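Novice: need a 3D model of the sequence below.
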Amino acid sequence: MAYRTRKALLMQDDSGKTKGIYEEEKIMMNLNEVLSQLKKNSNPKDREGMARFGINPEYALGVKVPVLRDLAKKIGRKHELAQELWKTKIHEARILAGMIEEMDKVTEKQMEQWVNEFNSWDLCDQCCMNLFDKLPIAWKKAIEWAEREDEFVRRAGFAMMACLAVHDKKADDNAFVSFFPYIKKYSIDERNFVKKAVNWALRQIGKRNSILRKEAIKLAKEIQQMNSKSAKWIANDAIRELKTKK
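Specialist: Predicted structure coming up:
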């Protein structure tokens with residue numbers, strides 16, 4: 001059975017007396033209970049439609065991401081449960097695993113295991129934005145994965161660059177400029193999920209501030225001159241957005 005835990009907090013009322021209150025409750029669930037919730041919220045029509053958006057439906061249930069986010073908030077961070085969810089191979093269970101995994105317990109070995117098992121762009125992107133880009137090793141992995149040949153591993157590298165541009169508020173501009181050689185080098189990769197991630201990284205870095213916007217447009221113009229359909233698409237799309245973005 002699922003059950004809830006409550007953490008007591010102490011506060012003083014207007015008279016100075018101490019009283020107990022409770023923060024938002026977390027649902028304690030085991031693997032079978034979580035899977036039951038996922039199946040309860042599954043939609044066969046959504047599952048069938050996933051393929052039209054380039055998502056592998058083989059192990060999918062058809063559960064919308066907002067439902068997963070809501071469930072993740074109720075569960076909280078749970079390392080063991082995240083590991084169990086990943087092992088099921090169920091698409092939505094794996095996305096949920098990335099949402100509830102405890103960041104301080106993620107090892108480089110685990111990151112490598114998960115990234116090598118990515119089989120769709122949304123699983124890749126969700127894991128990067130919900131978990132991987134918040135880890136100390138994220139910057140290193142962004143470059144390492146961008147250099148790998150596997151389609152979803154390389155996508156993960158550029159997805160990490162894009163997510164870091166959004167989430168890492170303390171990084172300086174030079175850290176993002178260091179990604180530019182990889183963006184340029186792999187802009188010629190014609191694979192759809194790679195080229196879109198390269199484009200995503202370039203646009204997000206350019207949207208970070210006015211200095212990086214100028215540098216990103218400059219890089220895009222260099223890419224635009226390359227003899228590659230993929231490169232030209234990446235460059236044209238980035239220039240169009242960055243030149244019109246307020």
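Novice: what ranges do the helices span in the chain?
Specialist: Ranges of helices in the chain, per DSSP state H, are 31-40, 44-50, 65-75, 79-87, 91-100, 108-115, 121-130, 138-146, 151-167, 173-177, 180-185, 192-206, 210-224, 229-244.
Novice: and of these, who's closest to residue 59?
Specialist: helix 91-100 (5.1 Å; C-beta to C-beta). (Each C-beta comes from the backbone N, C-alpha and C, glycine too.)
Novice: gap between the closest one and the chain center?
Specialist: Chain-centre distance of helix 91-100: 11 Å, with C-alpha atoms, centre = their mean, to the nearest Å.
Novice: tabulate the CA atom coordinates of that helix in PDB.
Specialist: The C-alpha trace of helix 91-100 is given here as PDB (Å, rounded to 0.1, in the frame of the first residue of the first chain):
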ATOM      1  CA  HIS A  91       9.700   4.500 -21.400                       C
ATOM      2  CA  GLU A  92       7.800   6.600 -18.900                       C
ATOM      3  CA  ALA A  93       9.300   4.700 -16.000                       C
ATOM      4  CA  ARG A  94      12.700   5.700 -17.200                       C
ATOM      5  CA  ILE A  95      11.800   9.300 -17.600                       C
ATOM      6  CA  LEU A  96      10.300   9.300 -14.100                       C
ATOM      7  CA  ALA A  97      13.600   7.600 -12.800                       C
ATOM      8  CA  GLY A  98      15.500  10.700 -14.000                       C
ATOM      9  CA  MET A  99      13.100  13.000 -12.200                       C
ATOM     10  CA  ILE A 100      13.400  11.200  -8.800                       C
END
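Novice: got the angle between that helix and helix 121-130?
Specialist: If you take axes from the mean of the first three to the mean of the last three C-alpha atoms, to 10 degrees, helix 91-100 sits at 10 degrees to helix 121-130.
Novice: in the chain, where is pLDDT below threshold?
Specialist: Scanning the chain for pLDDT under 70 picks out 1-27, 245-246.
Novice: quick revisit: can you redo the helices of the chain as CSV with distance to residue 57 and mean neighbour count?
Specialist: Formatted as CSV, the helices of the chain follow (distance: least, C-beta to C-beta, whole Å; neighbours: other C-beta atoms under 10 Å):
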stretch, distance to residue 57, mean neighbour count
helix 31-40, 15, 16
helix 44-50, 4, 13
helix 65-75, 15, 16
helix 79-87, 18, 18
helix 91-100, 8, 24
helix 108-115, 20, 16
helix 121-130, 11, 23
helix 138-146, 25, 20
helix 151-167, 16, 24
helix 173-177, 35, 14
helix 180-185, 31, 18
helix 192-206, 16, 24
helix 210-224, 33, 17
helix 229-244, 26, 18
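Novice: export these to TSV and tack on distance to residue 56?
Specialist: Below are these laid out as TSV (distance: least, C-beta to C-beta, whole Å):
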stretch	distance to residue 56
helix 31-40	17
helix 44-50	8
helix 65-75	16
helix 79-87	16
helix 91-100	7
helix 108-115	15
helix 121-130	8
helix 138-146	19
helix 151-167	10
helix 173-177	31
helix 180-185	26
helix 192-206	11
helix 210-224	29
helix 229-244	22
